[in-house]
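In: After the sequence you'll find the predicted model.
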Amino acid sequence: MNSRELKVKNVKEGSPAYNFGFKPEDKILSINGRKVEDVLDFHFYSIEDNLNIAVLRGNRQFEIKTKSSVDFSSGLDFYPMEPRKCGNNCIFCFTDQNPKGLRKNLYFKDEDYRFSFLHGNFVTLTNISQRDLKRIAEQRLTPLYVSIHAVDIAVRKKLLGIKRDDRLLEKIKFLVSNNIELHGQIVLCPGINDNEVLEHTLVTLSQFFPALRSVAVVPVGLTKHRDGLYPLQSVTKEIAAEVLKQGKHIQRQFRKKLKESFVYYSDEFYLKAGKKIPKAHAYGEFWQIENGVGLVRKFIDDFNRGKGDFPDSLVKKEKILIVTGRLAFPVLQKVVIKKLKKIKRLDVDIIAVNNSLYGDSVTVSGLLCGADFISAAKNYDADAVIIPAKTLNNNGLFLDDLTINAVEERIKKKIVPVEDFSEVWSQI
């Protein structure tokens with residue numbers, strides 16, 4: 001399918017779209033004379049009262065007309081948009097560090113502002129055109145999530161692997177002047193965009209506050225599959241501590257000037273440095289929780305709020321094993337295990353597992369694969385194994401394409417994926 005066409009996949013029977021004659025495989029060409037390239041165009045242009053929709057069915061083109069407002073959105077299911085391919089060659093790109101043999105889409109590098117709007121994907125804006133910028137402003141595609149990394153042109157070109165100045169600040173200025181809310185990200189690569197470069201980046205970006213609502217600093221992720229790639233230094237405990245020390249100073253300045261911290265550091269920095277996770281008020285409105293900023297704080301607070309509803313005793317004796325990544329292990333051990341051990345007839349243990357797919361340097365739980373859970377639990381005496389739900393994709397697959405059923409067959413135990421521990425009691 002052409003990446004710049006909108007094609008109907010299904011039509012809900014009895015819906016307005018069905019009654020107006022839409023059929024599967026129809027291509028939407030235009031609405032009121034304006035070209036339709038994707039679902040965003042369709043929803044934006046179809047809110048008018050009187051519609052003239054040009055449709056292509058096979059080789060026949062015809063029009064569907066309305067004389068009043070009609071909501072077609074609930075009746076039409078379109079084929080998914082194909083994301084635009086990234087043209088950068090970032091020296092820290094995680095996709096380049098994937099091992100061979102994974103599913104095909106894990107090797108695709110996307111760079112598409114539409115997916116930033118729809119799903120919160122981060123984009124660098126390097127491939128965005130003036131036409132795209134005008135469309136974003138016209139259609140109010142807000143908020144957007146922007147990978148910034150550095151504003152110094154030389155540093156930015158080095159990080160992104162590009163040879164030209166992509167005029168990032170001009171693009172940000174245009175977007176914020178058109179009331180598009182932005183959230184930025186900086187992948188911190190020690191020795192390249194930290195220290196003075198980082199402070200310069202943050203101070204420069206602060207001029208766009210509050211339209212640029214937040215900036216997250218996250219540590220570079222390095223796997224064991226880096227043969228032939230740029231030699232990068234990992235974020236050690238000492239480096240994490242220095243980053244947070246600098247961050248505390250910068251946040252204090254922003255709170256004085258902007259009345260908000262503006263820059264937020266990912267949980268990984270605090271866990272690596274062995275520092276306390278900040279209280280909830282330090283994260284504003286948790287703008288970048290999906291980026292690992294404040295996720296641990298939310299987990300702790302949610303657990304503490306919900307633990308009063310945990311059972312005092314189970315109906316029958318159960319033995320559960322919690323398997324997690326090395327980074328989250330101390331948090332779970334301190335916060336969760338202490339409470340669970342008070343429940344009668346519940347025997348609980350926890351294991352921190354190494355990442356066999358990406359190597360020991362990758363310690364986050366979300367990147368563990370099915371084989372890691374098999375290795376951890378196959379010889380362990382337990383009735384159920386609790387794992388992080390984020391290790392599974394929307395199709396129920398681990399990164400190594402194993403299913404829950406496949407892992408259960410290997411370990412001869414029940415797998416229970418959870419986001420919070422209030423879900424456990426109905427599943428064990």
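Out: Noted; the coordinates are in hand.

In: neighbours of the residue lying closest to residue 193 once chain neighbours are set aside, just the number please.
Out: Nearest residue to residue 193, sequence neighbours excluded (CB to CB, 6 or more residues apart in numbering): residue 150, at 4.5 Å. C-beta coordinates here come from the backbone N, C-alpha and C atoms, glycine included. Neighbour count of residue 150, defined by other CB atoms under 10 Å: 25.

In: Please apply the same query to the one 4 residues further on.
Out: Residue 154 has 10 neighbours, counted by other CB under 10 Å.

In: cool, residue 308 as well?
Out: 6.

In: show me what contacts residue 370?
Out: By CB atoms under 8 Å, 6 or more residues apart in numbering, residue 370 lies in contact with 398-403, 406-407.

In: Could you check what's spatially nearest to it, not counting adjacent residues?
Out: Per CB to CB, 6+ apart, closest to residue 370 is residue 402, 3.0 Å.

In: likewise residue 294?
Out: Closest to residue 294 by CB to CB, 6+ apart is residue 283, at 3.9 Å.

In: Would you check that the one you found makes contact with residue 264?
Out: Yes. Between residue 283 and residue 264 there is a contact under CB atoms under 8 Å: 6.2 Å.

In: Do a quick rundown of the helices in the stretch 101-250 of the chain.
Out: For the stretch 101-250 of the chain, the helices defined by DSSP state H, counting those that start in this stretch occupy 113-119, 130-139, 153-160, 168-177, 195-205, 237-258.

In: okay if I get those helices as JSON lines plus distance to residue 419 and mean pLDDT?
Out: As requested, these are exported to JSON lines (distance: least, CB to CB, whole Å; pLDDT from 0 to 100):
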{"stretch": "helix 113-119", "distance to residue 419": "18", "mean pLDDT": "96"}
{"stretch": "helix 130-139", "distance to residue 419": "32", "mean pLDDT": "97"}
{"stretch": "helix 153-160", "distance to residue 419": "33", "mean pLDDT": "97"}
{"stretch": "helix 168-177", "distance to residue 419": "33", "mean pLDDT": "98"}
{"stretch": "helix 195-205", "distance to residue 419": "32", "mean pLDDT": "98"}
{"stretch": "helix 237-258", "distance to residue 419": "26", "mean pLDDT": "97"}
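
In: what's the burial count for residue 325?
Out: 21.

In: can you check residue 174 too?
Out: For residue 174, using other CB under 10 Å, the count is 16.

In: With residue 63 instead?
Out: Residue 63 has 11 nearby residues by other CB under 10 Å.

In: who does the host helix or strand of it touch, helix- and strand-wise?
Out: Residue 63 is part of strand 60-66 when elements are defined by DSSP states H and E. In terms of contacts (3 or more CB pairs under 8 Å, 6 or more residues apart in numbering; DSSP states H and E), strand 60-66 is packed against strand 51-57.

In: Let me see the domain layout of this protein.
Out: What automatic domain parsing lists as the domains of the chain is 6-78, 95-293, 302-423.

In: And those domains: which comes nearest residue 87?
Out: Closest approach to residue 87 among the domains of the chain is made by domain 95-293 (5.4 Å; CB to CB).

In: Direction included, what does the strand holding residue 63 pair up with?
Out: Note on strand 60-66: by DSSP bridges, its sheet partners are strand 51-57 (antiparallel).

In: wait, doesn't residue 16 sit right on residue 70?
Out: Yes. Between residue 16 and residue 70 a contact is recorded at 5.1 Å, counting by CB under 8 Å.

In: neighbour-wise, which of these two wins?
Out: A direct count of neighbours by other CB under 10 Å for residue 16 and residue 70 places residue 70 higher, at 20 against 16.

In: Does that one touch residue 20 like I think?
Out: Yes. In this structure, residue 70 is within contact of residue 20 by CB under 8 Å, at 7.1 Å.

In: which residues sit in contact with the spatially most central residue of the chain?
Out: Central residue of the chain (CA atoms, centre = their mean): residue 290, 5.1 Å from the mean position. Contacts for residue 290 (CB under 8 Å, 6+ apart) come out as residue 120.

In: Report the secondary structure state of it.
Out: With DSSP: H, G, I helix; E, B strand; the rest coil as the basis, residue 290 sits in helix.

In: And the one 3 residues further on, by the same measure?
Out: Three states are possible here, and by three-state DSSP the one that applies to residue 293 is coil.

In: Counting neighbours, what do you get for it?
Out: So residue 293, with other CB under 10 Å, has 26 neighbours.

In: wait, it sits on residue 283?
Out: Yes. Using CB under 8 Å, residue 293 is in contact with residue 283, at 6.8 Å.

In: Between those two, which contacts overlap?
Out: With CB under 8 Å, 6+ apart as the test, residue 293 and residue 283 both reach residue 264.

In: what sits against residue 25?
Out: 7-8, 57.

In: For it, report the pLDDT, please.
Out: Residue 25 is assigned a predicted lDDT (pLDDT) of 97.

In: So for residue 428, which of the helices of the stretch 101-250 of the chain sits nearest?
Out: By CB to CB (comparing all of the helices of the stretch 101-250 of the chain), the closest turns out to be helix 113-119, at 32.2 Å.
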